[in-house]
Each structure stands twice: as C-alpha cells, then as structure tokens.
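Peer 1: I'd like to go over a predicted model; first the sequence, then the structure.
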Amino acid sequence: MARNSRSPVTGKHRVARRTKIAMGAIGLAIAVGALAVAVTAGRTGEASADPADPSFFIDINKVPAGNNVNAALKKKGAQGSFTVNCGTNADGAHQNPDNFIAQPGIKNGAQHLHDYVGNKTTNADSTLKSLLAGGTTCRNGDKSAYFWPVIRIDRGDKEAAQQKNQQAQQQQKGKTGDVQQDKSAQDAQDAQDQRNSQGQGGGRSGRSAQQQGDQSQNQDGQQQRRQRNQDQNNQQDQNNQNNQQDKQGQNQQQDKNNQNQNQANQNQGQQQDQLGGIQGANKEVGDNDGTIIEPESATLKFIGGGARDVVAMPLGLRILYGDAKQSTNGPKNARPSWTCTGFEDRLTDLYPICPKGSKVERIHAFPNCWDGKNTDSKDHRSHIVFADQQGKCPQGFKNVPQLQVTLVYNVPQDVQQNGEYKVDAFAQEKHNPRSDHDDFANVMSRQIMGRLVNCINSGRACAE
C-alpha cells in the first residue's frame, strides 16, 4: 500500500467568503434599526454556513455488514492484483478545479477541487498527447491520470458564527444607546419649553405686565427656535437629498464601469472569473471552503473484478466512477463509497462516523467492461460499464482490469462526531456524500500494461 503519513489536521479558523458576505448583511440590517443575524435553517443562533447536512452522517456500526459488492467480486475469477505507487499529493502541489474528461477545455469546469496523482500535467486542456509528454509521480513510470475531489474539515463555522453574533450584538447595543441619548436630550428641551410657556409661578391670576412681557418674549424665543430648527431640518433634508443623488450618480457610474470591466473580461475569455477559480489560502472554489485534508494513504490497485481473465486496457481509455451531479442525473451512476478502516465489508453512501482507532475511508471501484472499440463516449460512460454480480460483461464487452482506488483519511474524532467534514462538490449537491466520484485516464506504456494483465491473470500480487 502506498502510504505517505502526515499529522492530523485540526482545522484552521478562517473567515470564508460567505462569512464576509453575511457580515455585510448584518451591518445593513443594523443601519435600519434591526438586529439581523443570518442563521442556518432550523438551527437558531448559528450563523449562515455551508457545512454538510447532519443527516449525511452515520455511525459505521449501524451500516449492515456484508454489503460490499466489490469484496464479493474479489472472491470470484482471477485472484491476482497489480498495485501502482503514485503517492498521495500530500503537499497539495497538484490540485485544480478542472476535469478534462467531463469538461474538456473548460478552466474551473468542475467547480470543486481535485487531488491528482500520477501524471503531473493534468488540467482542463489535457490530451493523450500532452499526457504522454508529461512527467509522473508514479514510481514505475506510469503516466496515467488519477484524480478525485478533496475532503475538507469545516469546523471554523461555529467560531465564525459566534464572532458574527457578538459583533452584531455590540453594534446593536451601541445603536440603542445613541437613540436613548438623543431621546433624553429632546425630552429635556421639551420640558424646558413647557416650563417657559407656563411661567415659573404655576399660572396664577393677576400676573404683572412684566411677567406677561416675559412670557411673550419666551413665546417669541420658542417660535424663533422652532423656526431655526425647521430651517436646519429643511437644509439637512436638502443636503441628504443632494448626497443621495450624488451617491446614486456615483453608483450608476460604478455600475457602468463594472459592466464595462465585465464585458472586457468576457471578451478576453477569462473563464476563471466566470466559473469561479481558486481563492484564498484554503483554495476555496465555488461553495467549497474549509481546510483541505489530504489522504494519509492512496492505494491504486488493479484487480480482476470477478473476471476469470482480463485483457489489456487500450491507451487513452477514460473512465468515470460515481456521479458528481447525482442530484441532477439521478442515482443510476452514484455508488456507495464510504466506510472506515477495519469495516471494509460494509459500504455506505453517507459520511461514516468511525470508532476510536478506525479512520475514514473511501473505496472507488471503477467500471471494468469495455466495448472493445472506443476509449470514450458522448456520456463518458457507454463505452465502459460494470460487470454483473458474477463478474461477467454484457454481450460485446470485454473484461479489462478493474481499478480500485482506496483513500484513507485521519479525520479527528470530534470532527466526525460533529459532522464537520465534507467532500468538495458542485453547489447543487450541497456536499452530498453520494456525489463522491473519481476519474482515470490510462496512459500506461504497453510494457507496464502487459505486466499488469499478467499479474492479475496468473494470480500474483504485484506492486510497482
């Protein structure tokens, strides 16, 4: 097994783009005298966030044992295997939100981040020619492309929520104090005006002409003050109106400038801006944020997949596992991929919560029946499908080696219990674990593929 260990990720506290947006919304709400804290639906008091839904998690002990169809097929047919050591991309050196198989030529077309091992040049523009010319992380020189969506730890959301709530409360408290102070000053002025109008003597009859004159002067003074206040208010209203008009003009000009800039970007074909490229230290893409955790180990093993014998894969064969858009396309191509180490006899389509001493594991067993003609198809699936439960292919298809990618992650126990890890995904998937997927393009030399087929069919366990 290829292993490259790194210390457990404890999660970096960060303010994501969605947090910054929520903070702006809070400020706007306070300006109109209302305390507004964006909350996650159904969980009052928590700030708006993008974690995985709690219903997406399950205790692995509650998953029925014996439901791993891949394990059942391993007992059938040829028992050999061929493991390729291509590392784990432990340093995150090769990551991008591209997918040259499903979205060829489109930068950031995946809208979520992939980890790559094998070919070092894999990106949106990759072709068989470019891959053949590229380097590789595989020890045996295999130039094939292997890639899958990253996993993130997202436990910074709770702290961000607390910070936003505290700041909002402080700002609202300050606003309330200002209002009360203004009201107290106005009450004092009104009281003084009332005393002046009635006189200090309390309204007795027989007041002197001097007292009446003083009252008249007080009334005149009050009238003058009211007039001055009215004039000042009118002037302030006029100033505010002028400022609003000026600001509106500035906003219109800014909007025009932005439109011109956006048009210029489109004319220049800056697709990264259109589809949302990588941003920030955590390489956030689209709705995917949090601290990336790389696999502790990544095992790339080719097996018989239940077949009595297998034939060589053609050069350039492209294969998809799972469905990144299962919410749109339906469940047909989605596969249960999740388990825990020591529990490989049970697979689930939910995020597992593993017992102490066990680690989160993803198992991706690829289709293994090739139509014998095409290296790709319009839907990227019709040219290669799964064998049946006996390991047999549909008529006209041939058994090729089945790639099984096994990824192990050291996800902290509290992160699992709190449902704070998630797979990168398209926005509409909302980090649904059923959207887990994997991609492979065969760029092995004829010599390596020959050794691979021979090892499987002869029942030997080979590793390079």
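Peer 2: Yep, it's here.

Peer 1: can you tell me which helix or strand residue 301 belongs to?
Peer 2: Using DSSP states H and E, the element containing residue 301 is strand 297-303.

Peer 1: Can you spell out which helices and strands pack onto that strand?
Peer 2: Using 3 or more CB pairs under 8 Å, 6 or more residues apart in numbering; DSSP states H and E, the elements in contact with strand 297-303 are strand 81-84, strand 402-409, helix 446-458. For the C-beta atoms, the positions are set from N, CA and C on the backbone; glycine is no exception.

Peer 1: who wins for proximity to residue 132 among these?
Peer 2: In terms of CB to CB, the element of the helices and strands packed on strand 297-303 nearest to residue 132 is helix 446-458, at 12.3 Å.

Peer 1: CA atoms only: put the closest one into PDB for me.
Peer 2: The C-alpha coordinates for helix 446-458 follow below in PDB (Å, rounded to 0.1, in the frame of the first residue of the first chain):
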ATOM      1  CA  ARG A 446       2.500  -1.200 -23.300                       C
ATOM      2  CA  GLN A 447       5.100  -2.900 -21.100                       C
ATOM      3  CA  ILE A 448       3.500  -1.800 -17.900                       C
ATOM      4  CA  MET A 449       0.000  -2.800 -19.000                       C
ATOM      5  CA  GLY A 450       1.400  -6.200 -20.100                       C
ATOM      6  CA  ARG A 451       2.900  -6.800 -16.600                       C
ATOM      7  CA  LEU A 452      -0.400  -5.700 -15.100                       C
ATOM      8  CA  VAL A 453      -2.600  -8.100 -17.100                       C
ATOM      9  CA  ASN A 454      -0.100 -11.000 -16.500                       C
ATOM     10  CA  CYS A 455      -0.100 -10.500 -12.700                       C
ATOM     11  CA  ILE A 456      -3.900 -10.500 -12.500                       C
ATOM     12  CA  ASN A 457      -4.500 -13.500 -14.700                       C
ATOM     13  CA  SER A 458      -1.700 -15.500 -13.100                       C
END
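
Peer 1: before we move on, the earlier item: for the helices and strands packed on strand 297-303, which one sits closest to residue 97?
Peer 2: It's strand 402-409; of these, that one is closest to residue 97 (CB to CB) at 18.7 Å.

Peer 1: Excluding chain neighbours, what is closest to residue 406?
Peer 2: Nearest residue to residue 406, sequence neighbours excluded (CB to CB, 6 or more residues apart in numbering): residue 299, at 4.3 Å.

Peer 1: ranges for the helices of the stretch 351-464 of the chain?
Peer 2: For the stretch 351-464 of the chain, applying DSSP state H, counting those that start in this stretch gives helices covering 413-417, 446-458.

Peer 1: Among those helices, show me which one is buried the most.
Peer 2: By mean neighbour count, with neighbours taken as mean count of other CB atoms under 10 Å, helix 446-458 ranks first of the helices of the stretch 351-464 of the chain at a mean of 18.

Peer 1: In a markdown table: the helices and strands packed on strand 297-303, plus distance to residue 389 and mean pLDDT.
Peer 2: Listed next are these as a markdown table, based on distance: least, CB to CB, whole Å; pLDDT from 0 to 100:
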| stretch | distance to residue 389 | mean pLDDT |
| --- | --- | --- |
| strand 81-84 | 20 | 98 |
| strand 402-409 | 14 | 98 |
| helix 446-458 | 19 | 98 |
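
Peer 1: would you turn those into CSV with distance to residue 50?
Peer 2: As requested, the helices and strands packed on strand 297-303 are exported to CSV (distance: least, CB to CB, whole Å):
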stretch, distance to residue 50
strand 81-84, 35
strand 402-409, 20
helix 446-458, 41
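
Peer 1: Residue 436 is nearest to which of these?
Peer 2: Between the helices and strands packed on strand 297-303, strand 402-409 lies closest to residue 436; by CB to CB that is 10.0 Å.

Peer 1: which residues are contacting the closest one?
Peer 2: 1, 70, 146, 148, 151, 293, 295-305, 319, 321, 341, 359-368, 387, 421, 438, 440 (CB atoms under 8 Å, 6 or more residues apart in numbering).

Peer 1: now could you export just the CA positions of that strand as CSV?
Peer 2: C-alpha atoms of strand 402-409 as CSV (Å, rounded to 0.1, in the frame of the first residue of the first chain):
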residue,chain,number,x,y,z
GLN,A,402,-10.7,-3.1,-12.6
LEU,A,403,-9.1,-0.1,-10.9
GLN,A,404,-9.9,0.2,-7.2
VAL,A,405,-8.8,3.4,-5.5
THR,A,406,-8.7,3.3,-1.7
LEU,A,407,-8.2,6.6,0.2
VAL,A,408,-7.7,6.7,4.0
TYR,A,409,-8.1,10.0,6.0
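
Peer 1: any idea which helix or strand carries residue 118?
Peer 2: With DSSP H and E as the test, residue 118 turns up in strand 114-118.

Peer 1: now that strand against strand 402-409, angle please.
Peer 2: Here the directions of strand 114-118 and strand 402-409 differ by 120 degrees (axes from the mean of the first three to the mean of the last three CA atoms, to 10 degrees).

Peer 1: Now the helix or strand just after strand 114-118: average pLDDT?
Peer 2: Downstream of strand 114-118, the first helix or strand assigned by DSSP H and E is helix 128-133. What helix 128-133 shows for mean pLDDT is 98.

Peer 1: Pull out the buried residues from helix 128-133.
Peer 2: residue 131 (16 or more other CB atoms under 10 Å).

Peer 1: please begin residue numbering at 30 from this point
Peer 2: Got it, the first residue is 30 from now on, which makes the last one we talked about helix 157-162.

Peer 1: What's the first helix or strand after that helix?
Peer 2: From helix 157-162, the next helix or strand downstream (DSSP H and E) is strand 174-178.

Peer 1: can you dump the C-alpha coordinates of that next one into CSV?
Peer 2: C-alpha atoms of strand 174-178 as CSV (Å, rounded to 0.1, in the frame of the first residue of the first chain):
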residue,chain,number,x,y,z
ALA,A,174,-4.1,10.4,-14.6
TYR,A,175,-5.8,9.6,-11.3
PHE,A,176,-7.9,12.3,-9.6
TRP,A,177,-10.7,12.7,-7.1
PRO,A,178,-12.4,15.6,-5.2
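
Peer 1: Tell me which other helices or strands the following helix or strand past it touches.
Peer 2: For strand 174-178, the succeeding helix or strand toward the C-terminus, using DSSP H and E, is strand 180-182. Packing partners of strand 180-182 (3+ CB pairs under 8 Å, 6+ apart): strand 320-322, strand 450-452.

Peer 1: Any stretches of the stretch 330-479 of the chain with poor pLDDT?
Peer 2: For the stretch 330-479 of the chain, no stretch has pLDDT under 70.

Peer 1: quick one, what contacts residue 356?
Peer 2: By CB under 8 Å, 6+ apart, the neighbours of residue 356 are 457, 458, 461, 464.

Peer 1: List just the nearest of those residues to residue 318.
Peer 2: Nearest to residue 318 among these, with distances taken as CB to CB, is residue 458, at 14.6 Å.

Peer 1: Please check the contacts of strand 431-438 and keep the buried ones.
Peer 2: Among the contacts of strand 431-438, those buried by neighbour count (16+ other CB under 10 Å) are 99, 175, 177, 180, 322, 324-334, 348, 350, 370, 388-397, 416, 450, 467, 469.
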